[in-house]
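[1] give me a 3D structure for the following:
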Amino acid sequence: MKRAGSVAVAVVLLAGCASTGDITHNKPTFQASTTKLDSVYAACVHTRWVAISPTARILETPTSLQVVVSNATMHVEELLVIHSKAVGADVVLYEHLQVLALRGYRDAAKACL
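    Numbers count the residues shown, from 1 in each chain. Below you'll find the model as predicted:
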């Protein structure tokens with residue numbers, strides 16, 4: 001039973017990764033650099049995004065931190081990729097739908113710089 005649970009979690013995580021990759025085929029809607037540490041910047045954005053959508057979460061990959069908002073079917077709607085550098089981090093925002101109503105995510109990413 002324990003193994004079945006682990007397999008189910010792995011499938012969900014892989015599904016999330018696959019859908020995250022799909023959104024990166026879109027042109028970024030925002031790119032910038034910050035002098036903040038990647039983890040500090042991610043925490044700031046996450047706090048603001050949770051106020052917009054409780055599904056917001058921070059993911060750690062081998063090469064970046066990501067702040068992600070998914071819809072009910074686990075497709076990524078908003079993806080902020082944060083790459084650490086010697087001083088601060090570079091950030092790139094991908095959005096599934098680039099509409100004015102969702103501008104709050106973009107504004108939050110900018111406000112945390």
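
[2] can you show me the strands along this structure?
    Using DSSP state E, the strands of the chain run over residues 30-34, 57-60, 65-70, 76-84, 89-95.

[3] quick one, which of those is nearest to residue 107?
    strand 30-34 (9.6 Å; Cβ to Cβ). Where C-beta positions appear, they are placed from N, C-alpha and C, glycine not excepted.

[4] tell me the strands beside the closest one, with direction?
    Strand 30-34 has the following sheet partners, assigned by DSSP bridges: strand 89-95 (antiparallel).

[5] and for the partner strand, what's in contact with it?
    23-24, 26, 28-34, 36-38, 41, 77-83, 102, 105-106, 109, 113 (Cβ atoms under 8 Å, 6 or more residues apart in numbering).

[6] if we go to 6 Å?
    Applying Cβ atoms under 6 Å, 6 or more residues apart in numbering, the external contacts of strand 89-95 come out as 23-24, 26, 28-34, 38, 41, 78-83, 109.

[7] that's all I had, so thanks and see you.
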